[in-house]
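Colleague: next come a sequence and a model predicted from it.
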Amino acid sequence: MYKSKEIRWFIHSENKTISRWFAKQGLKFNTNIARKDYYLVALDYDDIIPKLREGKIEIKHRIGTSEILLLTSNAEGYFEKFVKWSFKLDSKDGVFEEITNINKYATEWVEVYKERMGVKLAKGNNGIIKIYDIKALIDNGCQIEYTRIKVKDKVRYSFNLEWFGDEFLNLESSFISEIVGDSVLKLEDSMGYGRFLKIVNS
């Protein structure tokens, strides 16, 4: 179990400014291994988000009240706190097979195809923010992801920042501006996967 703090946006078309920033880090959508996650959308609420991912079940529980956070003058979103659990599933689990391959529970679980680019940020010895590979083992920092998503033939893009560890990593608005440029990230487009999937799956 671990805790995180996140802010996320879902947008309809690719943001070329954000894509160019990731390209400078040597990352592109088509150079990463895509994956399929399966989210339980049959719940009446969106503060608990179960999903199946690569042989595991992961559960995110949103806690507390969402706060409105202004990252830059043109990037505003909901800052949310989560508790996460992850459990490895039995490879012979019949229900897992029915959800992910046989599609027996298609009205309850939705498949989300993801092509993801991501990095981790952490404070170096000199106090300057350093950029690391997303797989790097870091105790405290912030993970930044940009993901191309396909849900039932609908393509969307997700940009998010996820803070992890006991020490909150403060990111200056000037650093965020390097990533998003003059892009407008609207409050109305900021939400977690639970709410997003209820909208796009309706």
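Modeller: The structure has been received and is ready for your questions.

Colleague: worst-scoring helix or strand of the chain, pLDDT-wise?
Modeller: Ranked by mean pLDDT, DSSP states H and E, the helix or strand of the chain with the weakest confidence is helix 94-97, at a mean of 88.

Colleague: quick one: strands adjacent to the helix or strand that that helix is followed by?
Modeller: Downstream of helix 94-97, the next assigned helix or strand under DSSP states H and E is strand 109-123. Here strand 109-123 has these sheet partners by DSSP bridges: strand 35-40 (antiparallel), strand 129-133 (antiparallel), strand 141-151 (antiparallel).

Colleague: so can I have CSV of those showing mean neighbour count?
Modeller: All C-beta atoms are positioned from the backbone trio N, CA, C, and that covers glycine. Converted to CSV, those look like this (neighbours: other C-beta atoms under 10 Å):
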stretch, mean neighbour count
strand 35-40, 18
strand 129-133, 14
strand 141-151, 20
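
Colleague: which residue lies nearest the spatial centre of this protein?
Modeller: Nearest to the centroid of the C-alpha atoms of the chain, with distances taken as C-alpha atoms, centre = their mean, sits residue 160, at 5.4 Å.

Colleague: can you name the residues bridging to that one?
Modeller: Judged by DSSP bridges, the bridge partners of residue 160 are residue 8, residue 145.

Colleague: excluding chain neighbours, what is closest to residue 55?
Modeller: Nearest-residue entry for residue 55: residue 89, 5.7 Å, with adjacent residues in sequence omitted and distances by C-beta to C-beta, 6 or more residues apart in numbering.

Colleague: and the pLDDT at the one you found?
Modeller: For residue 89, the model assigns a pLDDT of 90.

Colleague: can you pull the contacts of it?
Modeller: 52, 55, 56, 57, 96 (C-beta atoms under 8 Å, 6 or more residues apart in numbering).

Colleague: one more time with 10 Å, if that's ok
Modeller: Counting by C-beta atoms under 10 Å, 6 or more residues apart in numbering, residue 89 makes contact with 52, 53, 54, 55, 56, 57, 95, 96.

Colleague: wait, the second one sits on residue 96?
Modeller: What that stands for is residue 53. No: because the distance of 11.1 Å does not satisfy C-beta atoms under 10 Å, residue 53 is recorded as not touching residue 96.
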